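>>> attaching a predicted model along with its sequence, questions to come.
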Amino acid sequence: MLVAAAVCPCPPLLVPEVAAGAAPELDAARTACADALSVLAASRPDRLIVVGPTGPGEAGPYPEGAQGSLKGFGVDTDVRLGEPGADVRLGVPGAEPSAPPLPSALTVAAWLLERARWAAAPVEGLGVDRRLAPERCAETGRELAARAPRVAFLVMGDGSACRTLKAPGYLDERAAAFDAAAARALGAADTAALMALDVSLADELKAAGRAPWQVLAGAAEGAEPGGQLLYEDAPYGVGYFVAAWS
């Protein structure tokens with residue numbers, strides 16, 4: 001059953017070394033993410049499930065110990081999702097995880113967990129196809145929430161990428177309203193409002209968080225958590241939100 005959730009944005013720019021000189025621009029977002037992760041730790045979960053958006057080729061489960069890299073963003077840094085297995089820790093030859101490398105969103109999540117020195121519970125990841133239908137998202141969330149008596153979620157995902165002329169998706173006048181609705185739903189832990197987010201509009205606005213948020217909505221069925229919006233802004237023309245549910 002879901003006992004807590006943290007919702008965080010997933011741009012690699014969250015990592016200060018990637019952002020370089022622009023790193024201070026996301027200091028408030030980093031602080032909010034740390035605060036949200038502290039809510040997860042305080043919930044004393046049996047398991048943490050990290051959910052993030054991916055393309056279809058990267059969708060699927062990622063076990064604890066799976067590795068990601070920031071080399072593609074110009075930083076020679078590797079991260080690991082949770083703790084490595086015992087054989088890896090002991091240096092047994094050939095014991096490195098055979099899982100594929102973490103996709104970008106889960107790599108950022110792994111960096112956040114390492115930064116927070118997460119040790120509260122075992123971790124596993126799930127890459128969710130950005131195009132996954134809402135009904136399948138909710139079904140996935142219900143299945144994941146049933147994995148342990150006390151399950152926490154770290155849900156990675158951005159809002160629209162069309163808030164300004166310089167945004168990755170250029171300016172779309174519908175973006176601000178979409179992001180406002182998403183922020184309200186995330187801040188209120190309003191699962192019905194999350195499920196009502198329009199799939200086609202989210203796709204047109206390049207809102208990668210839609211599917212992961214709807215996975216969370218499914219996981220929260222029957223749990224009735226309270227929510228708090230910790231951060232809302234659109235640096236670089238992309239909607240970024242941080243929320244904590246418990």
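That came through, no problem. Residues are numbered from 1 along each chain as shown.
>>> contacts for the longest helix along the chain?
For the chain, the helix with the greatest residue count under DSSP state H is helix 27-42. For helix 27-42, the external contacting residues (C-beta atoms under 8 Å, 6 or more residues apart in numbering) are 4-9, 14, 16, 48, 112-113, 115-116, 118, 120, 152, 154, 230-231, 233, 235, 240, 242-246. (Glycine included, C-beta is placed from N, CA and C.)
>>> and that helix, how far from the chain's centre?
Centroid separation for helix 27-42 versus its chain: 12 Å, with C-alpha atoms, centre = their mean, to the nearest Å.
>>> ok, and for it, which residues are buried?
29, 30, 32, 33, 34, 36, 37, 39, 40, 41 (16 or more other C-beta atoms under 10 Å).
>>> output that helix in CSV with nothing but the alpha carbons.
Presented in CSV, the C-alpha positions along helix 27-42 are these (Å, rounded to 0.1, in the frame of the first residue of the first chain):
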residue,chain,number,x,y,z
ASP,A,27,18.9,25.6,-6.1
ALA,A,28,15.3,26.1,-4.8
ALA,A,29,14.2,23.0,-6.8
ARG,A,30,17.0,20.9,-5.4
THR,A,31,16.1,22.0,-1.9
ALA,A,32,12.5,21.1,-2.5
CYS,A,33,13.4,17.7,-3.8
ALA,A,34,15.5,17.0,-0.7
ASP,A,35,12.5,18.0,1.5
ALA,A,36,10.2,15.7,-0.5
LEU,A,37,12.7,12.8,-0.1
SER,A,38,12.8,13.4,3.6
VAL,A,39,9.0,12.8,3.7
LEU,A,40,9.6,9.4,2.0
ALA,A,41,12.2,8.4,4.6
ALA,A,42,10.0,9.5,7.5
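>>> for the chain, give me the ranges with low pLDDT.
Applying pLDDT under 70 to the chain picks out residues 85-98.
>>> for it, which segments count as helices?
Using DSSP H, helices in the chain cover 16-19, 27-42, 86-89, 104-115, 134-145, 175-188, 191-195, 199-204, 210-219.
>>> out of the ones you listed, deepest packed?
Of all these, helix 210-219 has the most neighbours on average by mean count of other C-beta atoms under 10 Å, namely a mean of 29.
>>> next, the angle from that helix to helix 134-145.
Interaxial angle, helix 210-219 versus helix 134-145 (axes from the mean of the first three to the mean of the last three C-alpha atoms, to 10 degrees): 50 degrees.
>>> just want the angle from helix 210-219 to helix 175-188.
Computed by the same axes, to 10 degrees, the angle separating helix 210-219 from helix 175-188 equals 30 degrees.
>>> got the helices of the chain as TSV, with distance to residue 79 columns?
Formatted as TSV, these follow (distance: least, C-beta to C-beta, whole Å):
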stretch	distance to residue 79
helix 16-19	12
helix 27-42	15
helix 86-89	14
helix 104-115	4
helix 134-145	22
helix 175-188	25
helix 191-195	28
helix 199-204	28
helix 210-219	19
